[in-house]
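In: With the input below, show me the fold.
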Amino acid sequence: MVELTLAIAALQRPDPLYTLWRRRTLHALPRSAGPLLELVPATAKGPLFLDPLSLGFDDGLDQVLSAPTPFVRTELRRVHSAGRRPIPWTRLLADRDRESWQILEHAVRAAHACVLDSSWDRIRAGFDAERAWRIHILAAQGIRAMLVGLAPGARWHGTTLEFDSTDDVEVTLNGHGITLLPSVFWTGRPLVGRYAQGMFLVYPATTPLPLLDDPTANALATLLGRTRATILEQLTRPRTTTDLAHQLNLAKSSVSEHTKALRDAHLTTAHRDGKTVWHTCTPLGLGLLTGSPGTTKS
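Out: Residues are numbered from 1 along each chain as shown. A predicted model of the protein is given here:
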């Protein structure tokens, strides 16, 4: 359910990465799904009763439809106070108008069928690869390194993990845990929310939906993309940009972009010898290839 609302938000954001996906999806989106576009803004900060933490779609939809009335009213009031124009039929949701809740149910079902069903295998593959990657970092470098890698600019200030945000929000766990929810649709800063089950943090998965390959591909290709995974495999011994371009039949400029991304992820390193730049795997990159945790120095 969380991924569904994030996908609805993505349909309203001018993110170049999602241009083709957004165009195809909006063209296919049935009219009955329209009410969700009215409830969920591009910021994804819609009413929390729409995206409960659930075991699956049916369970999630049941939770939406049975959300306590005070919770529904509080969330609709919060969304409208944030500058979202009140929509007449949503006021009827707060009053438990039966027809309005039927409209919402049909909208959620239609949006789920159109937006998520056809891509679910890829979404799941991206989630599994993301989870494996975070567990790998956790084993190799510890929980502080794993958490600080969730978003660009994240940093530790003592025992406080800080993220850049447009909101000034401080969350104290008081000894309780927090659920990490990677999303293949969300590309913004991490989002934090509070449910009855506890706190959650949504962050962008390493590989967004438009870059996910065939879900039957190996986990490394799913995580990095097929080309970057192939380049990483080539770098178990030092190679130059020219070597890689010739071996993989790619333009040198394309190889340079991929090797930069791998270096930024600390999976490879580069050193210059005269005019030649040599690339090779780091211990972390080798560990990812072999399935064993490596170590890196920071």
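
In: Now the helix ranked longest in the chain: average pLDDT?
Out: Identified as the longest helix of the chain according to DSSP state H is helix 120-141. Taken as a whole, helix 120-141 carries a mean pLDDT of 84.

In: where in the stretch 1-150 of the chain is pLDDT low?
Out: Where the stretch 1-150 of the chain drops to pLDDT under 70, the residues are 82-86.

In: need the strands for the stretch 101-250 of the chain, in chain order.
Out: Taking DSSP state E, counting those that start in this stretch to define them, one finds strands in the stretch 101-250 of the chain at 155-157, 160-162, 178-183, 191-195, 198-204, 239-240.

In: Mean pLDDT for those - can I get that in a markdown table?
Out: Formatted as a markdown table, the strands of the stretch 101-250 of the chain follow (pLDDT from 0 to 100):
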| stretch | mean pLDDT |
| --- | --- |
| strand 155-157 | 93 |
| strand 160-162 | 92 |
| strand 178-183 | 91 |
| strand 191-195 | 82 |
| strand 198-204 | 88 |
| strand 239-240 | 90 |
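
In: What segments of the stretch 1-150 of the chain are helices?
Out: For the stretch 1-150 of the chain, applying DSSP state H, counting those that start in this stretch gives helices covering 2-10, 19-28, 34-39, 57-65, 69-81, 88-94, 98-111, 120-141, 143-148.

In: I'd like to know how many residues surround the residue nearest to Gly193 when sequence neighbours are not counted.
Out: The shortest distance from Gly193 to any non-neighbouring residue, by CB to CB, 6 or more residues apart in numbering, is to Phe200 (5.5 Å). Every C-beta, even on glycine, is put in place using the N, C-alpha and C of the backbone. By other CB atoms under 10 Å, 18 other residues sit near Phe200.

In: and what of Ser256?
Out: 16.

In: do you know which of the strands of the stretch 101-250 of the chain lies nearest Asp51?
Out: Closest to Asp51 of these is strand 191-195 (CB to CB; 8.7 Å).

In: starting at the chain centroid, how far to the closest one?
Out: 15 Å (CA atoms, centre = their mean, to the nearest Å).

In: In terms of secondary structure, what does that strand contact?
Out: Applying 3 or more CB pairs under 8 Å, 6 or more residues apart in numbering; DSSP states H and E, one finds that strand 191-195 makes contact with strand 198-204.

In: What pairs with the strand it packs on, parallel or antiparallel?
Out: Using DSSP bridges, strand 198-204 pairs in its sheet with strand 178-183 (parallel), strand 191-195 (antiparallel).

In: For stretch 193-212, measure first residue to last.
Out: 27 Å (CA to CA, to the nearest Å).

In: Quick check: buried residues in that stretch?
Out: 193, 199-212 (16 or more other CB atoms under 10 Å).

In: what does stretch 223-241 give?
Out: Here stretch 223-241 shows 223-225, 227-232, 234-235, 239-241 as buried, counting by 16+ other CB under 10 Å.

In: and the residues you listed, which two are the farthest apart?
Out: Checking the buried residues of stretch 223-241 with CB to CB, the most distant pair is Leu223 and Thr240, at 24.9 Å.

In: Would you quantify the distance from the residue most central in space within the chain to Asp95?
Out: Geometric centre of the chain, nearest residue: Ser183, 2.3 Å, by CA atoms, centre = their mean. Counting by CB to CB, to the nearest Å, the gap from Ser183 to Asp95 is 32 Å.
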